[in-house]
Each structure stands twice: as C-alpha cells, then as structure tokens.
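Q: everything below, folded, please.
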Amino acid sequence: MARQVPLRELAWARSGDKGDVSNIGVMAKTPAAYAILKRYLTAAIVKAHFAGIVKGEVVRYDLDNLQSLEFVMRNALGGGATRTLMMDQTGKAFGPNLLRLVLMVED
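A: Predicted coordinates for the structure are as follows:
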C-alpha cells in the first residue's frame, strides 16, 4: 500500500544558480529518510514538479557520504539573473518549492 509523504518531513533543501542552471541540494533528516529519497525522489519527478519552469534536463547526483541528493536543472531561469523576468531569477526559491512536493511511498 502506498502513502503520501511530504518531502519536507524527510529532508531539508538549499538551492542556487549559475547562469541559467539552477541546483537543489536535498539533505535527508535521517538515514531511513535518505533510503526513501534515493528510491522515490527521481530526476523525472523533480522535472515534473517544475514543469513549465525548467525547460532543460534535470540530472540527479547521489552523495551517499552526506546522505544528500543534488539536482542540477538546465534552462531553468529564463536565461539567468541578468536576462530573465522571473521573480526568482537566482533560483533561491527552488529548494523551498521542492519541499512542497508529496512523494508516494510504499509501506
């Protein structure tokens, strides 16, 4: 049976940018939470969460020694801080936004 788990219950997040590339670090709160993140928080799910905003590829990097995942999102900021009309031109709000995601987790 699957249940809904808000990402904010499992992890913290921090985000930023370089040009038109935004990144989000997702840090697990516990080792058990990291196991859930590794299984269920995929690049495809993150890309779908930011549909219409992130126009390029999303790549996930696993940082097992830190119990963290890093997501790099290309073509995510409308050209970058000096070229975009987006409210969050530097990607700082991407992390808190991702924490709004609800994962479907098998018991």
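Q: in the chain, which spans are helices?
A: 7-10, 31-40, 43-49, 94-98 (DSSP state H).
Q: those helices: which one's closest to Gly19?
A: helix 94-98 (14.4 Å; C-beta to C-beta). Placement of C-beta: from N, CA and C, glycine included.
Q: buried stuff in that closest one?
A: Residues of helix 94-98 classed as buried by neighbour count (16 or more other C-beta atoms under 10 Å): 94-95, 97-98.
Q: quick check: buried residues in stretch 100-107?
A: 101, 103.
Q: got a list of contacts for that stretch?
A: 1-8, 10, 36, 40-41, 45-46, 49 (C-beta atoms under 8 Å, 6 or more residues apart in numbering).
Q: buried ones among the residues you listed?
A: Buried among the contacts of stretch 100-107 (16+ other C-beta under 10 Å): 5, 7, 10, 36, 41, 45-46, 49.
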